Structure formats: C-alpha cells, structure tokens
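1. For reference, the sequence and a predicted model appear below.
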Amino acid sequence: MSTRIAFLKGHGTENDFVIVPDPENAVDLSPAAVAALCDRRAGIGGDGLLHVVRSAAHPEARAMAAETEWFMDYRNGDGSVAEMCGNGVRVFARYLQRAGHVSEGDVAVATRGGVKSVHLAKEGDVTVGMGRALLPEGDVTVSVGGRSWPARNVNMGNPHAVAFVDDLAHAGDLLAPPPFSPPSAYPDGVNVEFVVDRGPRHVALRVHERGSGETRSCGTGACAVAVAAARRDGADPSVTGTPATYTVDVPGGTLVITERPDGEIEMTGPAVIVAEGVIEPEWLENALR
C-alpha cells in the first residue's frame, strides 16, 4: 500500500471511529488493516472504522445506489464486518456534511442494515431513522461471573440481548463477550446490554459490542434498550398510537430514542469530527507484517 491514505477521527457519545473517505472503493481495507488502524496504542484508535464509499462503487451497496449516493461500509474494531452502527451513522453523516457532499436537512445513508434516513441540523445533534425493531420469540439468558439474567432478544439490523439488572457493576469488566444461551439465538454473536432504571422512561446502560468489547456508547443498543424497556413497561406505540420516548444514558453521554406508532425508531444525539490527517503507508505496511 504505497499511497498516503486520508483519514478523520470522530465520535458520537464517545463511541469513536476512524473515518476513511474512499468514494471509488479503491482502498483495500483488510480486516488486519482495520484492526491496526483501530488499535488504541499502536494505531489511530477507535471502536470501529467508517469506510466512506459511493453506493455504486461497492458490490454490497449497488442495489441501494438509486436511493442514496453514499454507503457506510462499517467495520468493527477487530476488523470484522458489521451490519449497522447507530452512532456511526450520525458521525458518517456529519463527515458528509463537513466534506460538502451533503447539506443540512434530510440525508439518506446506505448500510448493510438498509437505507437509513438522517436529519442534519447546521449545528448540534443529529437524528437518525433507525428502522423498526424485530423482537424474535424465545427465551434468552446472559451470564457474568456465575450470575444469569433473562434478556430480551431485539434486532436492530444487528442482534442485541438486553438484560435489566439492579446495578451496572453486575456486568463485570466486559472484556470478554458475556456468555448467552441458547447458542442458536445468536449464531453470529451478539451485542449485550446491561440496563438499570434512572427514572420514568429514563434508563442507563453498559454494553459489550460484538467485535469491539465494552464501548462508551452503542446507538443500535440504545434503540434496542428503549424498545425492551417500553415493552417491559407495557408500552407498545403500535397498539396505543402514542410515541414512546426514552432517555438512554450511556457511559459517553445521552441519547434520546423515540419509537413511533408506525414502528419507526428515531435516535437523536451528538456527532463530532475531532481531527483529520494522513495515514503513513510505511507504518501501515509494517503493521501488517
């Protein structure tokens, strides 16, 4: 890899990302390269990587090119591919705005979890239409340190197990993926959220993200938690016709999640571009040896 590659660094509620603009999909971002870039001591550092590609230039997004020009080719910090990242979509859209590719207002972003609608203000928070939650049937259990809790299975384009606990410390160090059962519930792994109540329609979480470990925030996880909390509390907007809004505290800040009567979920929160620079090709080549 002999050319210098541009990058930016951004975060949404401290869920942080390396951003690699690559409109024509010309940069070979192998899993090893992504993991090296996301390494917090030897690389740039990030929970994941946002590969910015035109939809028409990426084989996984060409079918969505008629709906939107831009595809968020999202990778976890270990280099694995992920379907969606809610905080990442906000930061991705903020980058498009900063680069002059889009202006304030409504923007569509292609992801492996489908096309997401983003509303960009000139400044301040960003709102993302996260789609509908799927609630697969069947009992799920998650465990930490010999203790187990029932969990709600929620799919937000990626899989989540939401467990309500008495104390967030019960989640342990979250360095390793919390065991879950049955194994058939999540054949490709799962994001696990541990949740406590803070007040009426106000919860807080800690999360182990599949492929990244514990992160400061997880947008799809906050949505999954809000839906699980609403059902636990007896609220189903599709039945009542009334939107359900939850404030979700994450270690890196606060997100506001609203589930509408049509099932659509909206997430509002910050998106910040921190820095930009150039990846030295010699460093990347050495890191991949």
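-> Yes, it's here.
2. Helices of the chain, residue ranges please.
-> 31-38, 86-98, 219-232, 237-240, 281-287 (DSSP state H).
3. Mind giving me the packing neighbours of the first one?
-> In other words, helix 31-38. Helix 31-38 is packed against strand 15-21, strand 48-54, strand 70-76, helix 281-287, with contacts defined by 3 or more CB pairs under 8 Å, 6 or more residues apart in numbering; DSSP states H and E. Using the backbone N, CA and C atoms, a C-beta is placed for each residue, glycine as well.
4. what's the most centrally placed residue in the chain sitting at in phi/psi?
-> By CA atoms, centre = their mean, the mean C-alpha position of the chain lies nearest to residue 85, the distance being 2.3 Å. Its backbone dihedrals place residue 85 at phi -150, psi 110, with angles given as degrees, to the nearest 10.
5. My read is that it contacts residue 220, right?
-> Yes - contact criterion CB atoms under 8 Å: residue 85 and residue 220 qualify, at 6.8 Å.
6. shared neighbours of the two, anything?
-> Taking CB atoms under 8 Å, 6 or more residues apart in numbering as the contact criterion, no residue touches both residue 85 and residue 220.
7. low-confidence ranges in the protein?
-> 1-2 (pLDDT under 70).
8. Just put the helices of the chain in TSV and tack on distance to residue 7 and mean neighbour count.
-> Shown next, in TSV, are the helices of the chain (distance: least, CB to CB, whole Å; neighbours: other CB atoms under 10 Å):
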stretch	distance to residue 7	mean neighbour count
helix 31-38	8	20
helix 86-98	11	26
helix 219-232	21	27
helix 237-240	40	13
helix 281-287	11	13
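9. Which of those helices sits closest to residue 272?
-> Taking CB to CB, helix 86-98 is the member of these nearest to residue 272, at 7.3 Å.
10. Run the angle between the closest one and strand 15-21 for me.
-> In terms of direction (axes from the mean of the first three to the mean of the last three CA atoms, to 10 degrees), helix 86-98 departs from strand 15-21 by 40 degrees.
11. by how many degrees do helix 86-98 and strand 70-76 diverge?
-> Angle, helix 86-98 to strand 70-76, by the same axes, to 10 degrees: 140 degrees.
12. State the number of residues packed around residue 208.
-> 26 (other CB atoms under 10 Å).
13. To clarify, my last question referred to residue 26.
-> Neighbours around residue 26, by other CB under 10 Å: 10.
14. Rebuild the helices and strands packed on helix 31-38 as JSON lines, extending it with distance to residue 254.
-> As requested, those are arranged in JSON lines below (distance: least, CB to CB, whole Å):
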{"stretch": "strand 15-21", "distance to residue 254": "13"}
{"stretch": "strand 48-54", "distance to residue 254": "21"}
{"stretch": "strand 70-76", "distance to residue 254": "23"}
{"stretch": "helix 281-287", "distance to residue 254": "35"}
